[in-house]
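Q: sequence first, predicted model second:
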Amino acid sequence: MERKVTKAVFPVAGLGTRFLPATKSIPKEIMTLVDRPLIQYAIDEARDAGISDFIFVTARGKQSLEDYFDSAPELESSLQAKGKSDLLQELQRTNMDSGAIAYVRQREALGLGHAVWCARRLIGDEPFAVLLPDDVIQGGRSCLRDMVDTHVETGGNVVAAMDVPNDKVSSYGILGVSEDDGTRAKVDRMVEKPSVADAPSNLAVIGRYILTPRVLQNLNRKERGAGNEIQLTDAIAAEIDGPDGVYGQRFEGQRFDCGSKAGYLQATVAFGLSRNDLREELADFLSTLDLNSVSSTAK
């Protein structure tokens with residue numbers, strides 16, 4: 001009988017160099033889409049999928065990320081006294097129960113696989129989720145919940161996947177598949193950032209994973225891959241012919257790569273337009289823009 005997936009790992013040790021100078025003092029994960037930080041979207045998705053134990057792999061300079069999940073009694077009292085119950089409720093959703101959240105340090109930047117390996121003692125011998133907060137999915141069912149369902153049915157490792165244009169395959173890990181019903185695909189090959197000619201398909205992996213403990217055993221070998229780093233992709237690929245197998249799970253909704261400036265801006269607009277309190281004013285503003293006349297700013 002497969003064990004329930006209750007633990008999730010959030011690798012948040014990165015420096016966020018693509019967003020400097022903002023990330024000099026602000027962890028990228030608490031940069032906001034409208035009025036919620038990126039990490040909150042990932043937490044909410046995990047909660048919706050039944051996750052109850054949250055493991056953050058951090059590094060120096062992430063103290064404000066840790067503080068974000070603490071209670072703020074003075075602020076809560078102020079909102080309550082002013083009768084701002086909606087804001088109070090929203091604020092309380094960010095609090096984490098004592099013992100529900102844990103932090104481990106990644107002392108060296110040795111790759112995503114290494115970051116996950118750092119959490120091995122907290123994961124133990126259980127299946128677990130990995131969520132990359134940079135990947136934000138808007139709309140549809142919870143991507144991670146669908147992945148948990150696939151894991152329960154198959155017992156295998158599950159990676160979130162989406163179809164990308166052929167000219168984009170070199171930016172992703174790409175799956176080769178032996179079976180594909182349009183939602184779930186049985187993986188027989190994983191290729192990291194292939195050329196168009198070498199890509200086995202255009203089905204790309206994004207930042208959601210449900211993994212079995214065997215993947216941790218593979219990571220424990222500390223084998224270096226692309227970029228001389230310990231790659232999570234390599235540890236997952238080693239399970240393709242194993243007893244559990246690997247599956248690609250397509251998801252509903254639109255994914256935004258908030259690790260890039262363009263993706264972050266696109267997500268900000270999309271999430272702003274989805275809000276009843278912002279849609280009309282934002283749409284009116286966007287309709288007035290003349291892209292040919294908008295002046296660029298110096299870097």
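A: Right, received. Where do you want to start? Numbers count the residues shown, from 1 in each chain.

Q: rest of the way, CA atoms for contacts and neighbours
A: Fine.

Q: so where's this protein uncertain?
A: 1-2, 225-228, 293-299 (pLDDT under 70).

Q: all helices for it, in order.
A: Secondary structure of the chain, counting by DSSP state H: helices at 38-48, 63-68, 73-81, 85-92, 112-117, 120-123, 143-154, 213-219, 232-237, 261-273, 279-288.

Q: which of the ones you listed sits closest to residue 102?
A: helix 120-123 (8.4 Å; CA to CA).

Q: got the buried residues for that closest one?
A: Residues 120, 122-123 are the ones in helix 120-123 that count as buried (16 or more other CA atoms under 10 Å).

Q: ok, stretch 186-201 next?
A: 186-194, 199-201.

Q: hang on, the earlier thing: out of the buried residues of helix 120-123, flag the one nearest to residue 170.
A: Nearest member of these to residue 170, counting by CA to CA, is residue 120, at 30.4 Å.

Q: residue 32 pairs with what?
A: residue 37 (DSSP bridges).

Q: okay, now residue 171: neighbour count?
A: 13 (other CA atoms under 10 Å).

Q: sorry, that was for residue 202
A: 22.

Q: quick check: it touching residue 163?
A: Yes: if you go by CA atoms under 8 Å, residue 202 and residue 163 touch, sitting 5.5 Å apart.

Q: list the contacts of the residue nearest to residue 23 when sequence neighbours are not counted.
A: Spatially, and ignoring its direct neighbours in sequence, residue 23 is nearest to residue 16 (6.0 Å; CA to CA, 6 or more residues apart in numbering). Contacts of residue 16 were listed using CA atoms under 8 Å, 6 or more residues apart in numbering, and they are 23, 27-28, 259.

Q: top of those by neighbour count?
A: Busiest of the contacts of residue 16 [other CA under 10 Å] is residue 28, holding 28 neighbours.

Q: got phi/psi on residue 230?
A: When read as degrees, to the nearest 10, the backbone of residue 230 gives phi -80, psi 110.

Q: quick check: the gap between it and residue 10.
A: 17 Å (CA to CA, to the nearest Å).

Q: ok, residue 128 next?
A: Counting by CA to CA - residue 128 and residue 10 are separated by 11 Å.

Q: for residue 282, which non-adjacent residue is spatially closest?
A: Nearest to residue 282 is residue 273, by CA to CA, 6+ apart, at 6.7 Å.

Q: contacting residues for the nearest residue to residue 264 once chain neighbours are set aside?
A: Leaving aside its sequence neighbours, residue 264 sits nearest to residue 258 (CA to CA, 6+ apart; 4.2 Å). Residue 258 makes contacts with 134-136, 264-265, 267, as judged by CA under 8 Å, 6+ apart.

Q: residue 240: which of these is nearest?
A: residue 135 (24.1 Å).

Q: the closest one and residue 206 touch, don't they?
A: Yes: counting by CA under 8 Å, residue 206 is a contact partner of residue 135 at 7.2 Å.

Q: pull out the buried members of the contacts of residue 258.
A: The buried subset of the contacts of residue 258 - by 16+ other CA under 10 Å - is 134-136, 264, 267.

Q: count the neighbours of residue 50 for me.
A: Neighbour tally, residue 50, other CA under 10 Å: 16.

Q: for it, give me its contacts.
A: Residue 50 neighbours (CA under 8 Å, 6+ apart): 5-6, 145.

Q: from residue 260, how far off is it?
A: 29 Å.

Q: what's the answer for residue 169, then?
A: Going from residue 169 to residue 260 by CA to CA gives 17 Å.

Q: neighbour count: these two, which is higher?
A: residue 169 (25 against 14).

Q: that one and residue 143: what is the separation?
A: In terms of CA to CA, residue 169 sits 21 Å off from residue 143.

Q: picking that back up, and the residue nearest to residue 23, what are its phi and psi?
A: According to degrees, to the nearest 10, residue 16 has phi 60, psi 40.

Q: residues in contact with residue 179?
A: Residue 179 neighbours (CA under 8 Å, 6+ apart): 185-187.

Q: for it, give the beta-bridge partners.
A: Residues in beta-bridge contact with residue 179 (DSSP bridges): residue 186.
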